[in-house]
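Colleague: Kindly generate the corresponding structure for this input.
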Amino acid sequence: MRQFILAAIIFALSFLIYVYPVNVLAHLLVGARIIEPLALIPAAVIALAVLVYFRTHATSPFLSGMIYYGMGIGFIGFFVVNIGLLISLAVPEFVYETGLACLIFWVVACLKSIVNGQRIQLKTIPVTSPKIDQPLNLVFISDVHLGSNSKRHLEKICTTIDGLDYDHLLIGGDLYDSSSFDADDLSPLKAIQKPVLFVTGNHEYYVRDHTDKVAALAHYNITTLDNRAVQFGKLNIIGISDNQAPKLQSEIAQGLVREDSFNLLMVHQPSIWDSAPDSTDLMLSGHTHNGQIFPFSLLVRLRFRTVYGIYRRLNSMLYVSSGSGTWGPRMRLGTQNEIIRIEISPQDTAG
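Modeller: As a prediction, the model looks like this:
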């Protein structure tokens, strides 16, 4: 019964995302029926392709491209054509013009999101603390998603990082997201001359042989912080693995803080922010992608209270990154890929 329900949900989503927007557009432009029995056939074929792709870990670039880019294009189209449908009901004498406007807006929005999905922004966050005695510069990336993104994307990230003055590179999970990703795609990280510290995200656990793949990261200059901390002078970097209940994550973090140090807590999902140790000075997370494609960003806010940017609690600060890559389609609308440079300066407590 559970399998039937899952198949029904996938079929319904396949129809709504991949088929329905085209049907509505055809209705607006040429008067076609929105619900055509024959339209259920491509929906069924797409649903089967989705099931095969995710259940068998199929590695066909054509199949993955069709599913992922179709998902992004269809998601944007779903909202565009529904707005057009409402307008056509309110102003029926301009149905064709409404359909034409929807088509143009849909195409422009998709092209813009594809271009934006290739770009990477550099963002600087200043932090001051009385717990450190000399300036520290950190670089934080998350959600690179090798698999959905290519080795060239990681090379672009590393080239940008190479031009920065920094002490440590922090990677906040979801470095890869597919069993098909080639370990050699991580080779650009070998050129990083600074310590590279990594915590797992949810996607690391979705791939085949995930334990071996995480262990192999050591060959690429990456140190995995699996519920442990490392100390660099007055800087205490705490890494919490993702595959645990938030309550357990908070308890582990509490046991790793040092009262005499600047405690930087790195955990992939921002879910534990409210229960993070009070001694946490800075928490870094990713996972949300800031919704990646508008208006999905509005839906993400129903799941996470902290979606993107800076949040503060007592003397603690949280930064949730929108990610350095994309999941699924390499598309972003209303959001951006980003690399975060964190400048931590000593706070003058005199007076």
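Colleague: quick one: low-confidence parts of this protein?
Modeller: For the chain, the stretches flagged by pLDDT under 70 are 57-59, 179-180, 349-351.
Colleague: quick check: domain ranges of it?
Modeller: 2-117, 119-346 (automatic domain parsing).
Colleague: deepest of these, which one?
Modeller: domain 119-346 (a mean of 19; mean count of other Cβ atoms under 10 Å). Every residue, glycine included, has its C-beta placed from N, CA and C.
Colleague: pretty sure residue 50 is touching residue 10, no?
Modeller: Yes. Counting by Cβ atoms under 8 Å, residue 10 is a contact partner of residue 50 at 5.7 Å.
Colleague: Return the distance of residue 294 relative to residue 80.
Modeller: For residue 294, the distance to residue 80 equals 11 Å [Cβ to Cβ, to the nearest Å].
Colleague: What segments of the stretch 251-351 of the chain are helices?
Modeller: Along the stretch 251-351 of the chain, counting by DSSP state H, counting those that start in this stretch, helices occupy 296-303.
Colleague: Just want the most central residue of this structure.
Modeller: For the chain, the residue nearest the mean C-alpha position is residue 289 (3.6 Å; Cα atoms, centre = their mean).
Colleague: how near is it to residue 77?
Modeller: From residue 289 across to residue 77, the span is 20 Å (Cβ to Cβ).
Colleague: backbone phi and psi for residue 137, please?
Modeller: Phi and psi for residue 137, reported as degrees, to the nearest 10, are phi -120, psi 120.
Colleague: Residues in a beta bridge with it, which ones?
Modeller: Beta-bridge pairing of residue 137 under DSSP bridges involves residue 343.
Colleague: Can you tell me how far it is from residue 102?
Modeller: 47 Å.
Colleague: need the contact list for residue 189.
Modeller: By Cβ atoms under 8 Å, 6 or more residues apart in numbering, residue 189 lies in contact with 154, 158, 196, 220-222.
Colleague: closest to residue 334 among those?
Modeller: residue 154 (24.1 Å; Cβ to Cβ).
Colleague: The closest one reaches residue 146, doesn't it?
Modeller: Yes. Look at residue 154 against residue 146 with Cβ under 8 Å: they come within range, at 6.3 Å.
Colleague: All the helices of the stretch 51-200 of the chain, residue numbers only.
Modeller: According to DSSP H, counting those that start in this stretch, the helices that the stretch 51-200 of the chain contains are 61-90, 95-118, 151-162.
Colleague: quick one, which of those is nearest to residue 335?
Modeller: Closest among the helices of the stretch 51-200 of the chain, once you apply Cβ to Cβ, is helix 95-118, at 8.0 Å.
Colleague: counting contacts, what elements does that closest one pack onto?
Modeller: In terms of contacts (3 or more Cβ pairs under 8 Å, 6 or more residues apart in numbering; DSSP states H and E), helix 95-118 is packed against helix 20-30, helix 61-90.
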